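Asks: give the three-dimensional model of this entry:
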Amino acid sequence: MSGIAVVIPCYRVARQVLGVIARIGPEVDWIFAVDDACPEGAGDAIERECRDPRVRVLRHEKNLGVGGATITGYKAALAAGADIIVKLDGDGQMDPALIPRLVRPIREGRADYVKGNRFHRLSDVAAMPRLRLIGNAALSFLAKLSTGYWQLFDPNNGFTAIHRAVLAEIPLERIAKRYFFESDMLHHLGQLRAAVCEMPMRAVYGEAPSSLRPLRTIVPFFAGHLRNTLRRLLYHYFLRGFSPASVELVLAPFLLLFGLFYGIAAWRDSMASGVPATAGQVMLAALPILLGVQFLLSWLHFDVAAEPRQPVHPLLESSAERRSPDPPE
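Replies: Modelled structure (predicted):
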């Protein structure tokens with residue numbers, strides 16, 4: 001396998017992006033810098049000062065967000081024939097020297113998608129700003145529910161690599177265009193049953209201010225994760241497949257809500273009348289709650305065990321070859 005492309009969304013990074021490009025090693029064949037209507041003129045700066053023949057500047061007339069810029073770069077990389085496409089931010093917080101390590105699991109056929117994880121080492125977590133740490137922890141838990149990748153963390157990490165066969169199967173027009181982009185990508189990868197792994201990396205906070213505020217984005221991110229969670233559960237447990245876990249998923253909330261509301265109503269009546277609740281009333285409230293918790297834990301165990309681990313890109317490549325017409329003689 002050969003042909004690595006790097007996509008760099010550029011917005012307010014004109015002072016940093018040239019240094020990032022200069023540190024990209026010879027293992028990369030194409031570099032697509034996407035000027036996302038950057039007010040600092042990042043595209044102009046790259047064209048004026050960069051002499052790297054691998055670099056191509058793409059431009060947006062209006063700002064589409066990090067997701068929109070990345071999608072533009074993805075399409076250009078696919079058209080160029082890249083086998084692995086890396087997404088790298090232009091603010092200098094990601095070390096381009098890690099690209100060979102990032103793409104290695106895909107080259108070796110062990111993964112379809114690789115992402116960075118800034119939470120792997122305790123020393124790195126200790127150095128992270130507290131508010132950023134809290135926000136990322138909350139968003140990571142929501143992402144586990146909405147994607148089905150229970151072993152992953154740091155879902156908003158933008159240092160990623162993806163195999164072209166998998167990227168070609170993702171409906172890019174349906175991916176979130178702004179800061180929900182990375183989490184939404186994981187959701188769509190889960191729909192493909194793609195194998196995702198993580199690369200430990202250090203968190204670097206340079207002079208470029210981040211426009212992402214984790215605590216401020218929890219509410220809109222929560223809405224996105226809730227939507228994707230409902231879609232995932234409906235698709236995996238009722239459309240694509242049906243199993244005992246599907247039954248548990250239906251019964252668990254019903255039993256929990258019945259036990260909870262019946263128990264509250266019985267307690268309220270008991271307080272109003274002064275007559276203690278009977279053993280039968282207590283059991284009728286407690287038993288559904290106990291069963292509901294048991295069903296929920298059993299479903300959760302099934303869902304965690306069902307996390308995709310087998311790469312799908314070899315199958316997708318084989319299908320693409322079968323669909324390709326024979327070359328003319």
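Asks: low-confidence ranges in this structure?
Replies: The chain contains residues with pLDDT under 70 at 1-2, 123-127, 129, 205-217, 318-329.
Asks: in the longest helix along it, which residues are buried?
Replies: Identified as the longest helix of the chain according to DSSP state H is helix 244-273. By 16 or more other CB atoms under 10 Å, the buried positions in helix 244-273 come out as 245-246, 248-249, 251-252, 255-256, 258-259, 262-263, 266. Backbone N, C-alpha and C define where each C-beta goes, glycine included.
Asks: who does it touch, helix- and strand-wise?
Replies: With contacts taken as 3 or more CB pairs under 8 Å, 6 or more residues apart in numbering; DSSP states H and E, helix 244-273 sits against helix 279-305.
Asks: pull out the buried residues from the helix it packs on.
Replies: Neighbour-count burial for helix 279-305 flags 281, 284-285, 288-289, 291-292, 295-296, 299-300, 302-303 (criterion: 16+ other CB under 10 Å).
Asks: does E40 count as helix, strand or coil?
Replies: Using DSSP: H, G, I helix; E, B strand; the rest coil, the structure places E40 in coil.
Asks: that one - how many residues pack around it?
Replies: Applying other CB atoms under 10 Å, we find 15 other residues in the vicinity of E40.
Asks: give the contact list for it.
Replies: Applying CB atoms under 8 Å, 6 or more residues apart in numbering, we find E40 in contact with 12-15.
Asks: how about R56?
Replies: 30-33, 76.
Asks: sorry, back to before: which single one of the buried residues of helix 279-305 is nearest to R232?
Replies: When the buried residues of helix 279-305 are compared for distance to R232 (CB to CB), D303 wins out at 9.5 Å.
Asks: now the closest one. Nearest residue, chain neighbours left out?
Replies: Nearest non-adjacent residue to D303, counting by CB to CB, 6 or more residues apart in numbering: G148, 6.6 Å away.
Asks: what's the neighbour count on the one you found?
Replies: The number of residues packed near G148 is 24, by other CB under 10 Å.
Asks: angles on the backbone of it, please.
Replies: Backbone geometry at G148, expressed as degrees, to the nearest 10, gives phi 80, psi 0.
Asks: same check, this time on V6
Replies: Backbone torsions of V6, given as degrees, to the nearest 10, read phi -120, psi 130.
Asks: what does the one 4 residues further on give?
Replies: Backbone geometry at C10, expressed as degrees, to the nearest 10, gives phi -120, psi 110.
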